[in-house]
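Colleague: Following is a predicted model, sequence given first.
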Amino acid sequence: MKIGNREISPSHPPLVIAEIGINHGGDLEVAKNMVRLAALSGCECVKHQTHIVEDEMTDEAKQIFPPNADVSIWDVMAECALSREDEAELKRYTEELGLIYISTPFSRAAADFLETLDVPAYKIGSGEADNLPLIRHIARKGKPVIMSTGMQTIETLQESVQILEDAGIEYALLECTNLYPSPPEIVSLQGVTDLKAAFPNAVVGFSDHSIGPEMALASVALGASILERHYTDTRYRKGPDIINSMDPAELRFLIDRSREIHTALMNPKQRTGPEEDVYRFARASVVADADLAAGQVITESDIWARRPGSGEIAGFEFDKVVGKTLKVAVTRNQQLKWSDFEN
């Protein structure tokens, strides 16, 4: 999968997406400062949310209060949405700093607007993961799609994924739990491997709503190629997503540690060159466990294996020595050599 010039696959370091979302509260300058700090943290990609409320919801939404807000979902989005002009400026500023800008369109109108901005990819949120007409509308644009899969099962994802497959576009599926914040009792790291097994054509990642970086970092060891977390310049802001948002220092930590884990994940099980000096003293050599005379046939009780590993006969060759006949006398703790024995 490729977004802009960024290759995304298990052989590349995970792409960390800082989701600004609605944490800016509708203030463009706050949003731009968040992007600036993300860039200073080494971030490659920020994600916004594009809300055109009148096309996104019906009036019934004015009576629905999300569990992490004290006003209706309509009012939350209306207050936090950037204008089209402001979002265009945010994208321009983001790309000026060298970052990838993507966004989640929550409606057909939002997707069409983002297309006028020529975004390099689309994000589909968990709430829209089974919104088949919207997924179909986005997929027709021919751009890569990242889709969160919270609140879904492998079975309920089948039809949505088929739309992406039929469109012939590159796509990623993110394991996700939609509770803000998500406690470990309901987070599914196993979901990463389940998605990989069920959808072999997908790039798989992890969209994290827990507190702290632990779950996202653990997902890298399971093969997550994308890490997405909510992000803010400071957690002292007010907003429904702030409680599980990372700040710039935590963003830097997530980027650095995830790359280290990915590096280690690529290494096969073997003794490495830098370990050789340690190996020479840490392993054992076969030694006499008592003073032994020439002509003695060696039994297990006559020898032992002790550090350092500088002897000719390594500890793992212990059994090869048993039954051999000494040609020369040796003293206790003397490192034995093959030449000490008769052929």
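Modeller: It's in.

Colleague: which residue is nearest the centroid of this protein?
Modeller: V220 (3.8 Å; C-alpha atoms, centre = their mean).

Colleague: Apart from its neighbours in sequence, what residue is nearest that residue?
Modeller: I261 (4.5 Å; C-beta to C-beta, 6 or more residues apart in numbering). Any C-beta I mention is one placed from the backbone N, CA and C, and that applies to glycine too.

Colleague: The one you found contacts S219, doesn't it?
Modeller: No: using C-beta atoms under 8 Å as the test, I261 is too far from S219 to be in contact (9.5 Å).

Colleague: higher neighbour count, those two?
Modeller: When I261 is set against S219 and neighbours are counted by other C-beta atoms under 10 Å, the residue ahead is S219, at 29 against 17.

Colleague: which SSE is the residue nearest to the more buried one when sequence neighbours are not counted in?
Modeller: Residue nearest to S219 in three dimensions, not counting chain neighbours: F206, with 3.7 Å by C-beta to C-beta, 6+ apart. In this assignment (DSSP states H and E), F206 forms part of strand 203-208.

Colleague: what does G191 give?
Modeller: helix 190-198.

Colleague: In terms of pLDDT, where does E115 sit?
Modeller: E115 is assigned a pLDDT of 98 by the prediction.

Colleague: ok, it - contacts?
Modeller: Applying C-beta atoms under 8 Å, 6 or more residues apart in numbering, we find E115 in contact with K141.

Colleague: Wasn't it part of a strand?
Modeller: No: assessed by DSSP: H, G, I helix; E, B strand; the rest coil, E115 does not belong to a strand; its assignment is helix.

Colleague: And it, how far from P105?
Modeller: 9 Å (C-beta to C-beta, to the nearest Å).

Colleague: Could you do L114 as well?
Modeller: Relative to P105, and taking C-beta to C-beta, L114 is found at 5 Å.

Colleague: okay, the two: which has more neighbours?
Modeller: P105 (28 against 25).

Colleague: partner residues bridging that one?
Modeller: T50 (DSSP bridges).

Colleague: can you pull the pLDDT of it?
Modeller: 98.

Colleague: For K143, see how far away it is.
Modeller: 11 Å.

Colleague: tell me the domain ranges of this structure?
Modeller: Domain segmentation of the chain under automatic domain parsing yields 9-265, 273-340.
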